[in-house]
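# sequence and predicted structure are below.
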Amino acid sequence: MAASSQKPQGKKKARDPPKFNKSSKKPFKPNKDRNDTARSEAVALQLEDDVPDFPRGGGSALNRQERDEIRAEVDAEFEAEEREMKKRKKIGMQKKSLSSEDDFGSLFGDGITGKLPKYANKITMKNISAGMKVWGVVAEVNEKDLVISLPGGLRGLVRASEALDPILDNETKAVADNLLASVFHVGQLVSCIVLQLDEDKKDKGKRKIWLSLRLSLLHKGFTLDSVQEGMVLTAYVKSIEDHGYILHFGLSSFTGFLPKNSQADSKEIQVNTGQLLQGAVRSIDKVRKVVYLSSDLETVSKCVTKDLKGISIDLLVPGMLVNARVLSTLENGVMLSFLTYFTGTVDIFHLQNSYPSLNWKEDYNQHKKASVNARILFIDPSTRAVGLTLNPHLVRNKAPPSPVKIGDICDGSKVVRVDRGLGLLLEIPSTPVSTPAYVSICDVAEEEVRKLEKKFKQGSHVRVRVLGFRHLEGLATGILKASAFEGTVFTHSDVKPGMVVKGKIIAVDSFGAIVQFPGGVKALCPLNHMSEFEIAKPRKKFKIGAELLFRVLGCKSKRITITHKKTLVKSNLGIVSSYADAADGLITHGWIRKIEEHGCFIHFYNGVQGFAPRQGPDHLACKFK
């Protein structure tokens with residue numbers, strides 16, 4: 001849903017361009033009806049926007065011929081513009097009549113003028129673009145990057161160089177380059193900005209979303225005048241002083257200070273240089289250009305952004321708490337107005353109730369124009385679309401709990417809602433709290449299901465396996481297919497070095513074969529592990545679609561390698577997957593990796609290797625190293 005910094009002026013004013021085709025010979029007559037003050041002010045604002053910025057009064061330095069030429073040129077320009085606008089409007093109406101509506105909406109709705117949108121905005125892989133500001137939660141903290149869970153189940157990556165601004169001191173730069181774990185933690189809510197999207201070289205057809213957490217990008221456009229008391233700001237800890245912390249907002253125009261008697265100095269929270277902190281503005285020293293913050297968690301979670309006069313969309317930051325009013329219900333959510341000039345939408349997975357029934361619209365229809373607290377989920381400056389969330393956990397500035405993990409099998413899950421042609425909303429009986437889960441129609445059964453409402457009834461119970469988890473929504477995605485409960489490998493965490501698994505060949509190349517396990521996890525069988533002997537033409541050995549037995553060699557950083565060597569797959573000897581497994585007298589199978597003059601290197605599972613020195617013409621004894 002598009003957000004606007006100016007209220008709509010009516011259908012004609014908002015959609016039709018101003019007509020400046022020909023200069024009128026009749027003198028302008030002001031409207032005699034002055035009773036409708038609001039309408040007059042609106043028209044005045046519209047006219048003010050439409051009138052070119054020409055100087056008034058005084059004589060002209062141009063002669064009559066030059067004035068006529070300029071007038072003709074301007075008239076021609078406006079005529080061309082009007083023809084183009086009519087052409088676009090006609091094409092748009094044709095496209096609208098031919099195209100079908102998206103069940104879950106997109107970022108490009110009907111706007112706030114004229115007809116109201118039918119669906120709530122949501123971010124998808126198709127419409128996400130550079131420049132969008134998005135709220136996310138840290139899902140993984142790696143040595144060189146962060147994995148961020150975004151709205152709609154999307155995942156983004158943050159390079160270490162984009163996690164912090166490089167304008168801080170050397171210590172902070174070292175933290176950004178090498179020690180992300182000291183600044184970020186799993187479950188931490190962060191505001192991001194989309195940098196770019198790249199094609200995934202390993203997985204064709206998919207794209208990687210690259211994000212930045214730099215405050216210099218998120219706070220671009222902020223000035224000291226735009227900062228107000230009670231506003232919640234995010235800042236870096238630039239240095240630790242005796243009485244508090246000097247903060248940096250990513251901008252050079254002003255700095256911040258956080259006293260040590262605040263919540264940030266509690267024993268439970270360890271503050272490091274370079275760390276990101278949230279604080280509520282207590283006071284502003286405009287002379288010294290210093291903003292004083294308080295980081296009391298309770299205060300920060302309840303601070304509502306004030307209705308500032310003239311606030312622009314550039315000053316909106318994901319995670320901001322705003323007071324909003326319900327305007328209308330949509331097919332898959334609700335539309336809200338906030339900060340006077342803006343509108344945004346909330347999709348069905350971000351409503352106040354985590355388990356909305358089929359009659360969820362009645363709750364919002366009965367409380368139209370009711371005041372609610374919501375947080376900004378995303379902002380798209382190009383389309384002026386704004387997404388909001390009413391999720392109780394996110395409104396309290398906390399990430400939703402994740403009591404289930406991928407691969408879990410949950411019996412007795414309750415069917416809360418059946419969405420015709422779309423899927424099922426389930427309630428998983430997890431502890432300490434239940435977990436909402438959604439099963440797409442394509443994952444409910446092996447065969448195609450056309451009428452979900454006949455196969456599944458509200459209140460019935462099913463067996464589900466967790467297929468994924470949307471950390472920001474606190475929503476699991478599940479699968480009911482019988483094949484999902486087969487096999488021992490469903491996720492990367494199920495893979496153990498030395499285990500025997502059955503997999504299907506899905507691709508064969510010169511470097512080896514790509515194998516997929518029943519749960520969908522993929523692994524690589526290197527060329528030298530496709531057989532006991534050297535293979536010149538691997539495609540003749542492995543046929544796509546064939547199901548074979550393999551043994552797992554190792555699993556590092558979710559990269560699984562397997563072997564099809566018969567000696568290893570059929571071996572009944574003990575498995576050496578760590579140096580602790582090696583013992584004197586142990587007989588086991590390994591494979592020769594390299595031969596040298598004094599012996600050979602032998603590899604085992606999970607990266608364990610040994611050296612067999614040459615002790616005689618026909619005798620080798622293996623030593624682990």
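Everything's here; your move. Residues are numbered from 1 along each chain as shown.
# need phi/psi at A139.
The phi and psi values for A139, taken as degrees, to the nearest 10, are phi -100, psi -30.
# hmm, it is touching G153, no?
No - with contact defined as CB atoms under 8 Å, A139 and G153 do not form a contacting pair (11.2 Å). Heads up, the C-betas are built off the backbone N, CA and C, glycines and all.
# show me the shaky parts of the stretch 501-625 of the chain.
Scanning the stretch 501-625 of the chain for pLDDT under 70 picks out 616-625.
# give me the number of residues near L327?
Residues contacting L327 under the criterion other CB atoms under 10 Å number 19.
# who are the contact partners of it?
334-337, 343, 368-369 (CB atoms under 8 Å, 6 or more residues apart in numbering).
# any idea which element it lies in?
strand 321-330 (DSSP states H and E).
# dump that strand to PDB, restricted to CA.
Output of strand 321-330 as PDB, limited to C-alpha atoms (Å, rounded to 0.1, in the frame of the first residue of the first chain):
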ATOM      1  CA  LEU A 321       6.600   2.000  17.000                       C
ATOM      2  CA  VAL A 322       3.700   4.100  15.800                       C
ATOM      3  CA  ASN A 323       0.100   4.700  16.900                       C
ATOM      4  CA  ALA A 324      -2.200   3.700  14.000                       C
ATOM      5  CA  ARG A 325      -5.900   3.600  13.200                       C
ATOM      6  CA  VAL A 326      -7.700   0.800  11.400                       C
ATOM      7  CA  LEU A 327      -9.100   2.100   8.100                       C
ATOM      8  CA  SER A 328     -10.400  -1.100   6.400                       C
ATOM      9  CA  THR A 329     -10.000  -4.800   6.200                       C
ATOM     10  CA  LEU A 330      -8.400  -6.400   3.100                       C
END
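# after it, which helix or strand is next? Please name it.
strand 333-338.
# tell me the helices and strands packed up against the helix or strand following that following strand.
Counting by DSSP H and E, the next helix or strand C-terminal to strand 333-338 is strand 342-347. When contacts are defined as 3 or more CB pairs under 8 Å, 6 or more residues apart in numbering; DSSP states H and E, strand 342-347 packs onto strand 321-330, strand 333-338, strand 371-380, strand 385-389.
# distance to D314 for those strands - can I get that in CSV?
Converted to CSV, the helices and strands packed on strand 342-347 look like this (distance: least, CB to CB, whole Å):
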stretch, distance to D314
strand 321-330, 16
strand 333-338, 16
strand 371-380, 9
strand 385-389, 12
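# so which of the ones you listed gets nearest L213?
Of all the helices and strands packed on strand 342-347, strand 371-380 sits nearest to L213, with 15.0 Å by CB to CB.
# buried residues in that closest one?
Using 16 or more other CB atoms under 10 Å as the test for burial, strand 371-380 gives 372-380.
# make JSON lines from the residues you listed and add distance to L472 and pLDDT to it.
Below are the buried residues of strand 371-380 laid out as JSON lines (distance: CB to CB, whole Å; pLDDT from 0 to 100):
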{"residue": "V372", "distance to L472": "19", "pLDDT": "92"}
{"residue": "N373", "distance to L472": "18", "pLDDT": "95"}
{"residue": "A374", "distance to L472": "15", "pLDDT": "96"}
{"residue": "R375", "distance to L472": "11", "pLDDT": "96"}
{"residue": "I376", "distance to L472": "13", "pLDDT": "96"}
{"residue": "L377", "distance to L472": "8", "pLDDT": "96"}
{"residue": "F378", "distance to L472": "11", "pLDDT": "96"}
{"residue": "I379", "distance to L472": "15", "pLDDT": "95"}
{"residue": "D380", "distance to L472": "17", "pLDDT": "94"}
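# just to revisit the earlier point, tabulate the contacts of L327 (CSV), appending distance to D494, pLDDT and neighbour count.
Listed next are the contacts of L327 as CSV, based on distance: CB to CB, whole Å; pLDDT from 0 to 100; neighbours: other CB atoms under 10 Å:
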residue, distance to D494, pLDDT, neighbour count
V334, 40, 94, 29
M335, 43, 93, 24
L336, 42, 93, 24
S337, 48, 92, 18
T343, 46, 92, 25
K368, 49, 75, 12
K369, 51, 75, 9
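# possible to save those residues as a markdown table with distance to L195?
Below are the contacts of L327 laid out as a markdown table (distance: CB to CB, whole Å):
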| residue | distance to L195 |
| --- | --- |
| V334 | 31 |
| M335 | 30 |
| L336 | 29 |
| S337 | 31 |
| T343 | 27 |
| K368 | 39 |
| K369 | 39 |
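# which of the residues you listed sit farthest apart?
Pairwise distances across those peak at 14.3 Å for T343 and K368 (criterion: CB to CB).
# can I assume P613 is in contact with E597?
No - the criterion here is CB under 8 Å, and P613 misses it with E597 at 10.6 Å.
# those two: which has the busier surroundings?
Each of P613 and E597 has its neighbours counted (other CB under 10 Å); P613 has more, 13 against 5.
# distance check, the spatially closest residue to L224 that is not a sequence neighbour against L218.
Counting by CB to CB, 6 or more residues apart in numbering, L224 lies nearest to F254, which is 4.7 Å off, once chain neighbours are set aside. Noted for F254: a distance of 15 Å to L218, by CB to CB, to the nearest Å.
# do V271 as well
Taking CB to CB, one finds V271 at 21 Å from L218.
# so the two - more neighbours on which side?
Neighbours per residue, other CB under 10 Å: of V271 and L218, the larger number sits with L218, 21 against 15.
# OK, contacts around that one?
133, 191-193, 234, 250, 317.
# so which of those is the most crowded?
Counting neighbours by other CB under 10 Å, C192 leads the contacts of L218 with 26 neighbours.
# ok, for that residue, nearest residue in space, not its chain neighbours?
L211 (4.2 Å).
# for that neighbour, list the residues it contacts.
Here L211 is in contact with 134, 136, 148, 156-158, 162, 192-195 (criterion: CB under 8 Å, 6+ apart).
# contacting residues for the spatially most central residue of the chain?
With distances taken as CA atoms, centre = their mean, the residue of the chain nearest its centroid is L150 (1.9 Å). For L150, the contact set (CB under 8 Å, 6+ apart) comprises 123, 134, 136, 156, 192, 209, 472.
# 7 Å instead?
123, 134, 136, 156, 472 (CB atoms under 7 Å, 6 or more residues apart in numbering).
# same check on L336?
324-327, 343-344, 346, 374, 388.
# what is the nearest of the residues you listed to R450?
Using CB to CB, the contacts of L336 come closest to R450 at V346, 30.2 Å.
# which residues touch the closest one?
Counting by CB under 7 Å, 6+ apart, V346 touches 120, 333-334, 336, 374, 388-390.
# give me the three-state assignment for A181.
helix (DSSP: H, G, I helix; E, B strand; the rest coil).
# ok, the nearest residue to K451 once chain neighbours are set aside to V449 distance?
Among residues not flanking K451 along the chain, R420 sits closest, at 7.8 Å (CB to CB, 6+ apart). Computed as CB to CB, the R420 to V449 distance reads 11 Å.
# higher neighbour count, those two?
Higher neighbour count among R420 and V449: V449, with 16 against 10, using other CB under 10 Å.
# check what pLDDT the closest residue in space to that one that isn't next to it in sequence gets.
In space, V449 comes closest to K455 once its chain neighbours are excluded; the distance is 5.7 Å by CB to CB, 6+ apart. We have a pLDDT of 91 for K455.
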